[in-house]
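Undergrad: Model the structure of this input:
(chains A and B)
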Amino acid sequence: MKYISLILFVLLSSFIYGQNCNNIFIGKITDFHNKKPLENATIKLIDTNKITISDKNGKFTFIDLCNGSYKVEVSHLGCETKTISLNINENIFKPISLEHHLEKLNEINLSGKTKVKDVNIHQSLSKESIIAYTDKSLGDALNTISGVSSLNTGNTIVKPIIHGLHSSRVIILNNGTRQEDQEWGVEHGPSMDINSFGNIKVIKGASALRYGSDGIGGVVVADFPKMHKKDTVSGNALLSLNSNGKGGLTSARVNKGFNQHWQVQFQGSLKKFGDFETPDYVLSNTGTQTEAFSTQATYQSFKFKSKLSYSYFQNEIGILRSAHIGSLRDLAGAINSQQPLKIEPFTYDITEPRQEITHHLANWENILRISNLGTLHTLYSFQFNQRFEYDIRRGGRSDEPAMNLKLTTYNFDTYLEVNKWDKIHWEIGLNGQYQVNTVPVTGVKRLIPDYEYWKAGVYSSFRYEINEKWMLEGGFRYDYSNIFAKKWYETDDWDDAGYSDDFPNAIIEESRGDYLTHIKLDYHAFGGLLGLKYSPTDNHEINFNFSLANRAPNPSELFSDGLHHSAAAIEIGDLRLDVESSKKLSINHKANIDVLSGLELETTAYWNRIDNFINQIPTGADFTIRGAFPVWSYLAINANLWGVDFDLNQKLTDKLTWKSSFSYLHAQDATNNIPLINMPSTNWNNGLKWNDTTKNYFINLNTNWVFTQKRYSDFNFPISYLEGGQIITETADISTPPNGYLLINLLAGKQFKIQQNQMEIQFGIENVFDTSYRNYLNRLRYFADELGRNFQLKVIYTF
Amino acid sequence: MKNVKIALSSLLLGSLLLTTSCSSDDDSNPEQGIHHDEATLVEITVTDSNGVAKIYNINAEGEHDNKTSQEKEDGHDEIVLSPNSEYSVKVRLLNDEDPNDIEDVTTEVLEEKDEHFIVYSKEESLNLTIDRTDGAESTRADGNKIGFSTDWSTGAASGEGHVEFKLYHQPEGVNSAVTGNGNDFGSVAAGSETDIDIDIEIAIEEAL
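TA: Got it, this is the predicted structure:
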């Protein structure tokens, strides 16, 4: 009987289905903020095998749907995935809007909306930039964003500066994990390959509590590309060739989706350059070679997602030969010389001084959707960074590293996003980190000692949508960090610094004029955030943001102790430094104005008061057997930084767009009432782009205007020596910034369709007029000019 | 439910990973090491015409809070020379970080003798000439004598003054000719790296 009714039921239901399975569901996906259609959104009917992609107008269609209730999952690159419930009893049209999750109130997002909106959304700016900077570095790509500049050592080591702050004040998230690669060092570039990322964004300021309270400059979030949740193979291959440096890059990515649950991705790139050239001479020993590989595998269902990823980065960088100097007098000689003192013919060989860096990152991310609560995220990661620095040494020791640092870091991060309420979004999370630095003996004094570093943080934040126009956001964070180091100090240095009083039990033993010390330090840091967003109309948005952030001193600021050849500087840390505390107020205004084919404006103004700002400046001279050296010490001062970033995006016609971005920063040491050292000067970038989407080509003209930094302090050193029987005294001018400059770049590209695939060929000229210039924010500016003209050819094949 | 299990077990596994990794041994101390690259001491042996030798050790370490590099550390002895006399002067570079095992850095320099050169400069007031007397072991392939062995001849008594001793690594434009009105004994071009740059205090006066 039971079976009969079952059979009956099955028959009946199939009959019913047969009757009512002709429904058509048409939808249109738009951007929640600007109502523009979103192409290539993935629309999935959950618990069915139906899946489709939206077209150019954001439209999609499902046919042959049976009556019933459906769950529709809509996802799009850069957007929050949305799930809606729908009853289908007839043909139905449903508009769906998606929100960019990049655009949270607490994050003033630079790669953001104004720039993305004018271009086809699936070719977001970040992707274009990644291709444009494919054979340069992450820092170079970020440099194009207003308010972001870079601190360079030569042209291959590039660190991002956000609103004047860099190194350990900028958190870099590599695929979700805090990048730990000795980032405190100004001549340590981020050990990551720009080609492994699909999305890169910058958050100005410490307002993203999830990532830590110490990123008082900001956060760079670089994520691997999203994977397609269907049975497909996609990817790209890229070749870039350059005249300057006679090198380039080749890179490929394959993305394999097995079904909606399982996907894998592989990416690899190989980069090789020889000596770069200025307009007038070869920059000897500036070649570089990078090998990078990354892979990820994902399982995802509606309720659960698990992702394993691994990336490998290996980089060898030659440091300009002329930048290796023996003494302050050599530095003065280099500064007085118009060009580098050692110029050799072009070569691909890299010799000392050079850096060799290997970075491994493995992480495992899990996301669990909990019904009627929210999502739980966990991330474990493991990182190992090996840094070798080779110097020109005597006795055949050039082959042995002068600096050998092995940094191992484990991270555990978890957070719960509660989205069960309509208007309130609440997040609570924990971060844990354990790090070990091991520094084997190299025969050269260790700049950084062996240490163990524990960090733990807890945070909670909320977002409250008061009404259509107002949104409130707030949160707090607490971090505890504990560092335990063992370090050899010269007895004189230890005693002169007066450490015996402050660290009475630190000395373990004394040997040959050195103390072996063990130093335990711990820090408490609080962070807070209050933000208010006001959107009076669809075309206007104002953000007010106040953030409090505290950063514990980094190992370099605490322990540095030694001679840096490239800077001709003795760097001395201070164990007594305390937590650096930033209070930052920023106001951001975005507007869409109906002028010509559309005008977008974005302005950010900020004021940042940093108490206990750890500033590295020359404080005196130290006499060594090599002569005099300036001593650069880390001193805690109070600093005031304020500035304005301005972005404009004017569509002049359908095809022609003018983009402009301007940044100004005023940075003052309030304790001594002098300008802060090494701060970016005013810069103004403009771009004209002719983009013909019907004929599939574009032409881009860019100007990059960097003004002279007029605000600097005099830290010059007098040097004296005997010549011709007389004592000659001159000044080593290490302070005066070089002149400003204007650079012009050209880029043109054309796309071809090859069956379903696309081939794009780009041709570009960088520094069109072969301008000679020097960059204040390049640590090697004393020795050589920046790069001259470069012809570039790129072929990008997308499948 | 299965997913919850997976999530929980991943949590467990992760914390296990974290805890095991943390149990590194705290007791190991970093090795002190020797900084072989640096000469820490310049040893100057001055032998007069009677064969009487006197050794001067110059270490140039010192700190100053102001930036005037003229104020060098005076922590070493003055070399007192008699007027109108001849001296043989030999220089050795030492690393004395480990007093029980003093390294002779000179040996390393001589192994790479083509990459080194010494320049002596004196103050005009000192009546002194310096001649290079290096043997083959400290003569560069280009014929220039490095300057580890020299003969110093004094003129009339001239009171106190300085001689600058500069050892260059990978020097450019090496020339052992005397220039600067007889005050610079040897010269190099810009771009040479300074390995050692010290002041030697000299007095040319009648012995008391």
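Undergrad: For the stretch 251-400 of chain A, which segments count as strands?
TA: A:262-273, A:288-300, A:304-318, A:354-370, A:374-390 (DSSP state E, counting those that start in this stretch).
Undergrad: Name the helix or strand of chain B that has the lowest mean pLDDT.
TA: Within chain B, no helix or strand scores below strand B:62-64, which has a mean of 42 by mean pLDDT, DSSP states H and E.
Undergrad: can you map out the strands along chain B?
TA: All strands of chain B, identified by DSSP state E, fall at B:41-48, B:53-58, B:62-64, B:79-81, B:86-95, B:103-104, B:116-122, B:128-132, B:149-154, B:159-169, B:172-179, B:184-189, B:193-204.
Undergrad: Please identify the deepest-packed of those.
TA: Ranked by mean neighbour count, those are led by strand B:116-122 with a mean of 25 (mean count of other C-beta atoms under 10 Å in any protein chain shown). To be clear about C-beta, it is placed using only N, CA and C from the backbone, and glycine gets the same treatment.
Undergrad: re the thing from before, can you put the strands of chain B in JSON lines and add distance to chain A?
TA: What follows is the strands of chain B, written out as JSON lines (distance: least, C-beta to the nearest C-beta, whole Å):
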{"stretch": "strand B:41-48", "distance to chain A": "7"}
{"stretch": "strand B:53-58", "distance to chain A": "9"}
{"stretch": "strand B:62-64", "distance to chain A": "4"}
{"stretch": "strand B:79-81", "distance to chain A": "16"}
{"stretch": "strand B:86-95", "distance to chain A": "9"}
{"stretch": "strand B:103-104", "distance to chain A": "10"}
{"stretch": "strand B:116-122", "distance to chain A": "4"}
{"stretch": "strand B:128-132", "distance to chain A": "11"}
{"stretch": "strand B:149-154", "distance to chain A": "16"}
{"stretch": "strand B:159-169", "distance to chain A": "5"}
{"stretch": "strand B:172-179", "distance to chain A": "7"}
{"stretch": "strand B:184-189", "distance to chain A": "6"}
{"stretch": "strand B:193-204", "distance to chain A": "3"}
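Undergrad: Among those, show the one with the smallest mean pLDDT.
TA: Lowest mean pLDDT within these: strand B:62-64, a mean of 42.
Undergrad: Residue B:200 is nearest to which of the strands of the stretch 251-400 of chain A?
TA: strand A:374-390 (33.3 Å; C-beta to C-beta).
Undergrad: Next secondary structure after the helix or strand where residue A:685 lies?
TA: Element membership for residue A:685 (DSSP states H and E) is strand A:683-692. Sequence order places strand A:697-706 as the next helix or strand after strand A:683-692, per DSSP H and E.
Undergrad: Quick one: list the elements packing against the strand holding residue A:685.
TA: Secondary-structure packing of strand A:683-692 (3 or more C-beta pairs under 8 Å, 6 or more residues apart in numbering or on different chains; DSSP states H and E): strand A:656-669, strand A:697-706.
Undergrad: The shortest one: how far from the chain's middle?
TA: What it means is strand A:697-706. Its chain's C-alpha centre and that of strand A:697-706 lie 23 Å apart, by C-alpha atoms, centre = their mean, to the nearest Å.
Undergrad: pLDDT score for the residue sitting nearest the centre point of chain A?
TA: Centroid-nearest residue in chain A: residue A:220, 3.5 Å away (criterion: C-alpha atoms, centre = their mean). At residue A:220, the model reports a pLDDT of 89.
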